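Colleague: When you get a sec, could you give me coordinates for this:
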Amino acid sequence: MLVRLPKILSAAGVASRRASEALITGGRVTVNGATVRELGSRADPDRDDIRVDGRRLRTPPRRYLLLNKPRGYITTRSDPEGRPTVLDLVPGIREYLYPVGRLDYDSEGLLILTNDGDLAAQLMHPRHEVEREYEVTVRGTPDREAVQRLRQGVAVEGRRTAPATVRLAGPPPREDQARITVVLREGRSRQIRRMCDAVGHPVVRLRRVRIGPVRDPRLKPGMVRDLTPREVNALRATGRGEGARARQSVPLRSATWRADRKALVPRRPG
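Modeller: All right, here's what the predicted structure looks like:
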């Protein structure tokens, strides 16, 4: 069956859909010996000889990891400034994994790493409105008006944010701070930080605690585990817009590990 080349590369775990498009336009992809630069080009992954930088494309097993990202890591595969990336937290993984969405350098919390390009695209596409839940510590205590503004949307870089679920959650770590819970259904760059700045309550700490139906309060910072088949199926359902049922949290039945930059050491949850 003929499939668009960016989708083939992404599904094979070579790169994300957007990065795959850059590989194609950069002349680094060949199909049956011919260089292909058109993004609309199609091929049959089961029959055609598809190569990236001269290496034949082979479809690896699908892998789905849940990482609790600590502060101080970039959510990319590599960083030109030499800062540590989330891939440094999962050494020894042979599959070409990439993060689904982003958490900025100073943020922490749950992040999915996978080589399943179709699932990644479903989870990141705005039309599916996949929920992300965050626990946020801010300076000062937002009053009712500030909370309502966050719920209804505030102007960020000339465009209003989508409605969000926002509520106060305590107790705060200090008297001059407050804790709030924010659930977003869109994913703009540094969105929560900019929203809170707009209402006069800068973020002190930001932690993502849920992605769609997946949460794991037992997963410590710097630890990673494979998603269970049930969690993967629930994420797929969420990505297809089957929201109400798929947003329910699913049980945890998977081993966890702590990364030490040399090996993944099995570790029991808790």
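Colleague: gap between the two ends of stretch 183-202?
Modeller: 17 Å (CA to CA, to the nearest Å).
Colleague: what separates it from the chain centre, distance-wise?
Modeller: 17 Å (CA atoms, centre = their mean, to the nearest Å).
Colleague: how about that stretch: buried residues?
Modeller: 184, 191-196, 198-199, 201 (16 or more other CB atoms under 10 Å). Using the backbone N, CA and C atoms, a C-beta is placed for each residue, glycine as well.
Colleague: where does L111 land on pLDDT?
Modeller: You'll see L111 listed with a pLDDT of 98.
Colleague: One more: A19?
Modeller: Per the predicted model, pLDDT is 89 at A19.
Colleague: next structured bit after the helix or strand hosting it?
Modeller: A19 is part of helix 17-25 when elements are defined by DSSP states H and E. Downstream of helix 17-25, the first helix or strand assigned by DSSP H and E is strand 29-31.
Colleague: which helices and strands sit right next to that next one?
Modeller: helix 5-11, strand 50-52 (3 or more CB pairs under 8 Å, 6 or more residues apart in numbering; DSSP states H and E).
Colleague: Was I right to think T181 contacts G170?
Modeller: No - the pair T181 / G170 is not scored as a contact, 10.5 Å apart, by CB atoms under 8 Å.
Colleague: And these two? Which one has more around it.
Modeller: Neighbours were counted for T181 and for G170 using other CB atoms under 10 Å; T181 has more, 15 against 9.
Colleague: In the sheet, which residues pair with the more buried one? Tell me.
Modeller: Beta bridges link T181 to E135, R167, judged by DSSP bridges.
Colleague: Next, the contact list for it, please.
Modeller: 133-136, 165-167, 169 (CB atoms under 8 Å, 6 or more residues apart in numbering).
Colleague: mind running it again at 10 Å?
Modeller: T181 makes contact with 133-136, 165-169, 209-210, according to CB atoms under 10 Å, 6 or more residues apart in numbering.
Colleague: ok, of these, which come out buried?
Modeller: Here, 16+ other CB under 10 Å leaves 133-136, 166, 209-210 buried among these.
Colleague: possible to save those as a markdown table with pLDDT and distance to S107?
Modeller: Shown next, in a markdown table, are these (pLDDT from 0 to 100; distance: CB to CB, whole Å):
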| residue | pLDDT | distance to S107 |
| --- | --- | --- |
| E133 | 97 | 13 |
| Y134 | 98 | 8 |
| E135 | 97 | 11 |
| V136 | 97 | 10 |
| V166 | 97 | 17 |
| V209 | 98 | 12 |
| R210 | 97 | 14 |
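Colleague: CSV for those residues, including distance to L103?
Modeller: Below are the buried ones among the contacts of T181 laid out as CSV (distance: CB to CB, whole Å):
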residue, distance to L103
E133, 13
Y134, 10
E135, 13
V136, 13
V166, 19
V209, 12
R210, 13
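Colleague: closest to D106 among the residues you listed?
Modeller: Closest to D106 out of these is V136 (12.2 Å), distances taken as CB to CB.
Colleague: my guess is the closest one contacts A178, does it?
Modeller: Yes - contact criterion CB atoms under 10 Å: V136 and A178 qualify, at 9.0 Å.
Colleague: Mind listing the shared neighbours of these two?
Modeller: Common contacts of V136 and A178 (CB under 10 Å, 6+ apart): 169, 201, 204.
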